[in-house]
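Visitor: Fold the following for me, if possible:
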Amino acid sequence: MSTTKLHHLAVVVADIKRSAKIYCELLGLGPATEITYDPQQKVHIQFLSGPALGDLQLELLAPDGEDSPAAAALKKGGGPNHLCFE
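Guide: Numbers count the residues shown, from 1 in each chain. Sure thing, here's the model as predicted:
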């Protein structure tokens, strides 16, 4: 039987740079990746990691326009969006 491992928790945010700074200050995290763009989902993405999360990463998602699938979540206040297992 194989073991499933939680890889990351995604959070929808309005501003990645501002949100990353807050998470880094509050939880002692740091950037695990640069900010990238996913044209298919129309979101800017950055992963954060640090000792407070163990092997788990935090994925920040910022919609790029109203037609981004993440924009609807942001209109509802943003916050936790999905879990990803590997």
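
Visitor: List the buried residues of the helix ranked longest in the chain.
Guide: Scanning the chain for the longest helix, with DSSP state H as the assignment, gives helix 16-27. By neighbour count on 16 or more other C-beta atoms under 10 Å, the buried set for helix 16-27 is 16, 19-20, 23. For every residue, glycine as well, the C-beta is placed using N, CA and C.

Visitor: try stretch 55-73
Guide: Buried positions in stretch 55-73, judged by neighbour count with 16+ other C-beta under 10 Å: 57-63, 68, 70-71, 73.

Visitor: which one of those residues sits closest to Leu83?
Guide: Glu59 (9.9 Å; C-beta to C-beta).

Visitor: Which residues does that closest one form beta bridges with?
Guide: Counting by DSSP bridges, Glu59 is bridged to Ala10, Phe47.

Visitor: what sits against the closest residue in space to Ala52 that isn't next to it in sequence?
Guide: The spatial neighbour of Ala52 that comes closest, neighbours along the chain excluded (C-beta to C-beta, 6 or more residues apart in numbering), is Leu27 at 4.5 Å. Applying C-beta atoms under 8 Å, 6 or more residues apart in numbering to Leu27 gives the contacts 50, 52-53.

Visitor: With distance to Phe85, secondary structure and neighbour count as extra columns, can I get those in JSON lines?
Guide: Converted to JSON lines, these look like this (distance: C-beta to C-beta, whole Å; DSSP: H, G, I helix; E, B strand; the rest coil; neighbours: other C-beta atoms under 10 Å):
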{"residue": "Gly50", "distance to Phe85": "20", "secondary structure": "coil", "neighbour count": "17"}
{"residue": "Ala52", "distance to Phe85": "20", "secondary structure": "helix", "neighbour count": "12"}
{"residue": "Leu53", "distance to Phe85": "15", "secondary structure": "helix", "neighbour count": "17"}
